[in-house]
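> Based on what follows, work out the 3D shape:
(one chain, ligands or ions: 1)
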Amino acid sequence: MRPFGTPRRQIGLDDEPADIAAWMLELVDESPDRLAIVTIPPHRDDDDLDAMESRFISAYDIAKAERPNLSVKLLHALDLHNGQPRDRIAVAVHEHKWVAGQCVNGCPDTRKEG
Ligand SMILES: [Zn+2]
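Now for the predicted structure:
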């Protein structure tokens, strides 16, 4: 399995969920394997992180309403900053396309055929 891409874009603390949703879908659409990696910007404290998380969840709900096959996974990303490893949080957003229970958009997930 190939690595899950590299973090390359960020969402902002002040972005509206609807804007985040539109941007998320844009990223997914421009990726050949329908996979976008979104990194969570640096945050001051847990309150910041909580606020960001709830915005992101609202954004995902909006995006998912448009694309029922959307999935999201939290990734634990490791960054190098001044040569030191630093924890970052990244989110993988991916749109499945199911053919006979397999996703043909390049991810290893499978689905039971109803
Ligand atoms: Zn998939």
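> Check which element follows the helix or strand of the chain with the lowest mean pLDDT along the chain.
Sorted by mean pLDDT, DSSP states H and E, the helices and strands of the chain end with strand 9-10, the least confident at a mean of 60. Using DSSP states H and E, the helix or strand that follows strand 9-10 in sequence is helix 17-30.
> by contact count, what packs against the helix or strand following that next one?
Once the chain leaves helix 17-30, the next helix or strand it forms, by DSSP H and E, is strand 35-39. If you count contacts as 3 or more C-beta pairs under 8 Å, 6 or more residues apart in numbering; DSSP states H and E, strand 35-39 packs onto strand 9-10, helix 17-30, strand 84-95. (Glycine included, C-beta is placed from N, CA and C.)
> Dump the ones you listed into TSV; add distance to the ion and mean neighbour count as well.
Compiled in TSV, the helices and strands packed on strand 35-39 are given as follows (distance: least, C-beta to the ion, whole Å; neighbours: other C-beta atoms under 10 Å):
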stretch	distance to the ion	mean neighbour count
strand 9-10	20	12
helix 17-30	11	16
strand 84-95	5	16
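> could I get those as JSON lines with distance to Arg111?
Listed next are those as JSON lines, based on distance: least, C-beta to C-beta, whole Å:
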{"stretch": "strand 9-10", "distance to Arg111": "28"}
{"stretch": "helix 17-30", "distance to Arg111": "18"}
{"stretch": "strand 84-95", "distance to Arg111": "13"}
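> Out of these, the one nearest Asp47 is which?
Nearest of the helices and strands packed on strand 35-39 to Asp47, taken as C-beta to C-beta: strand 84-95 at 15.2 Å.
> Can you say which helix or strand has Arg55 in it?
helix 46-66.
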